[in-house]
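>>> Provided below are the primary sequence and the corresponding predicted coordinates.
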Amino acid sequence: MANVVASITDEYDVNWNQKLGTGISGPVRVATKRSTGENFAIKVVLDRPKARQEVQMHWMCSGHPQVVSLFEVFRNELQFPGESESQCRLLLVLELMDGGELFYRISKQHGFTERHAAATTMQIALAVRHLHSMNIAHRDLKPENLLYKNSSEESPIKLCDFGFAKHDNGDLMTPQFTPYYVSPQVLEAQRRHRRDRTSVATSTPYTYDKSCDMWSLGVIIYILLCGYPPFYSEHPTSRRAIDRSMRRKIMSGTYQFADREWGRVSNRAKDVVKKLLCVDPHERMTIEELVQHPWLTEEAPDTLLQSPVYMSNKANMQETALLHDGHLKKMRIPDRPTNLKPIESAINPILCKRKEISRQGGIHFTAHEAPIVDHPSAKSLRDVIAKCMYPKREIDNPQAEVETAIQVAVKENSENKVLTQILEENSWNGDKFDTDVELMDLAHQFKTILESLSTTKLYMYAKE
Ligand SMILES: Nc1ncnc2c1ncn2[C@@H]1O[C@H](COP(=O)(O)OP(=O)(O)OP(=O)(O)O)[C@@H](O)[C@H]1O
């Protein structure tokens, strides 16, 4: 490889030719740490705001047993063969996952039972619970992002690829999905987004939140149990990522438990699938409900499943993967651009203390140096937004619920001038609003308070 100005090579011996897997951002490679001889996976991404967001999200979620660990990040100028000049890249040093992707591994398994499926589900659910407990939605939950640590039978499964992960603070507006893993409200969001782009006014903002992860989990569990996806196209050769019939099925939640594969599957397992593939996000099972469901907490039946047989059909799996790829390329709508200052010009003192500019101009963070901490008072503000956006159906007076959440937020953010101003503008009397308030507008106003907090957040990269 030519012209690599790479401080990572001071510490790691990177095997640029060995590819563990390839995603849209390129191949993931193996590297050996010179000082310990330990192997790691290296994901290389162009240094762009989106990549920095990925690093930040992954850093926050790392450290859980069901999440692939991110150990350190290098920022180096690299020139790969075929490129006319070097480009600034982030090199993510990840825990090496040597046991393969979820469905590939299962397709090789003999004697895969419902009990195995439940145990597998529990591990994935624990990863998702970890993210959701921090108000982070993964937004790209799919089998390719669930990796086994090693080839042993007891190997844990871990979640990787935080490329689409985002704080679920009411601003998860970007529809990110793949054909078989798309939830109804994402389709709705996409529909609204299209309408917005064609300038037809709409007063309701479209949203995309943690419940999408739950939908994706439902699809993954469905496939674990029978081997094929719940929603599939009637026209598999169609070049459209999601054709009309598939879209209709997703929107109406139409899927079947065909007797041949599902006849012997327990009702508890079917109950989980039904509650996750529920069209209405308000009715959909939450991650807490899932981890407490008897299918996962009690021993599931030892019934042999047919799924590995279906999964070992390469053509099917390839078709699915191709559809995913095409879809990812076509359907992803860019997030709102975030302007990021070059790290060198960041003036945040914490950041300056943490950054370590290597001889070659590379920037290197280590896990103990740069933990990213959410602002402690942010949670109460997010709670207000959540209550505004998703009032519980059975509640007669959602505004009263919001007011209670605001009382907590005020206590925890007593110094916040933006909050005081917003409350004054909405005739807050110190206890409640004197008039009826448009909750969706209020959610957006609270979003600006969260954004104002982010300037004092301990970001790895300074926001402009
Ligand atoms: N830590 C790891 N250990 C081993 N293999 C890995 C690791 N991380 C990723 N891979 C492999 O590389 C593939 C691509 O990784 P990843 O999904 O992170 O990249 P991406 O470019 O963001 O992909 P996508 O196209 O899914 O968005 C994974 O599907 C997996 O096969």
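That came through fine. Residues are numbered from 1 along each chain as shown.
>>> next helix or strand past the longest helix seen in the chain?
Ordering each helix of the chain by length in residues (DSSP state H) puts helix 114-133 first. Next helix or strand after helix 114-133 toward the C-terminus (DSSP states H and E): strand 136-137.
>>> picking up where we left off before, flag every buried residue along the longest helix of the chain.
Buried residues in helix 114-133, counted by 16 or more other C-beta atoms under 10 Å: 114, 116-118, 120-132. For glycine as for every other residue, the C-beta is placed from the backbone atoms N, C-alpha and C.
>>> ok, residue 136 touching residue 62?
No: with contact defined as C-beta atoms under 8 Å, residue 136 does not count as touching residue 62 (11.7 Å).
>>> higher neighbour count, these two?
Remark: of residue 136 and residue 62, residue 136 carries more neighbours, 23 against 19, as counted by other C-beta atoms under 10 Å.
>>> not counting its neighbours along the chain, what's nearest that one?
Nearest-residue entry for residue 136: residue 165, 5.7 Å, with adjacent residues in sequence omitted and distances by C-beta to C-beta, 6 or more residues apart in numbering.
>>> pretty sure that neighbour is touching residue 62, no?
No: if you go by C-beta under 8 Å, residue 165 and residue 62 don't touch, sitting 11.5 Å apart.
>>> just the CA trace of the host helix or strand of residue 55, in PDB.
Using DSSP H and E, residue 55 sits in helix 49-61. C-alpha atoms of helix 49-61 as PDB (Å, rounded to 0.1, in the frame of the first residue of the first chain):
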ATOM      1  CA  PRO A  49     -19.400  13.800  10.100                       C
ATOM      2  CA  LYS A  50     -21.400  10.600   9.700                       C
ATOM      3  CA  ALA A  51     -18.400   8.500  10.500                       C
ATOM      4  CA  ARG A  52     -17.600  10.600  13.600                       C
ATOM      5  CA  GLN A  53     -21.200  10.100  14.700                       C
ATOM      6  CA  GLU A  54     -20.700   6.300  14.300                       C
ATOM      7  CA  VAL A  55     -17.600   6.500  16.400                       C
ATOM      8  CA  GLN A  56     -19.300   8.500  19.100                       C
ATOM      9  CA  MET A  57     -22.400   6.200  19.300                       C
ATOM     10  CA  HIS A  58     -20.300   3.100  19.300                       C
ATOM     11  CA  TRP A  59     -18.000   4.500  22.000                       C
ATOM     12  CA  MET A  60     -21.000   5.200  24.200                       C
ATOM     13  CA  CYS A  61     -22.400   1.700  23.700                       C
END
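>>> so what does that helix touch, helix or strand wise?
The contact analysis (3 or more C-beta pairs under 8 Å, 6 or more residues apart in numbering; DSSP states H and E) places helix 49-61 against strand 70-78, strand 87-95, strand 136-137.
>>> go with 10 Å
Applying 3 or more C-beta pairs under 10 Å, 6 or more residues apart in numbering; DSSP states H and E, one finds that helix 49-61 makes contact with strand 39-46, strand 70-78, strand 87-95, helix 114-133, strand 136-137, strand 166-167.
>>> want to throw the ones you listed into TSV with distance to the ligand and mean pLDDT?
Below are those laid out as TSV (distance: least, C-beta to the nearest ligand atom, whole Å; pLDDT from 0 to 100):
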stretch	distance to the ligand	mean pLDDT
strand 39-46	3	96
strand 70-78	9	92
strand 87-95	4	94
helix 114-133	14	97
strand 136-137	15	88
strand 166-167	14	80
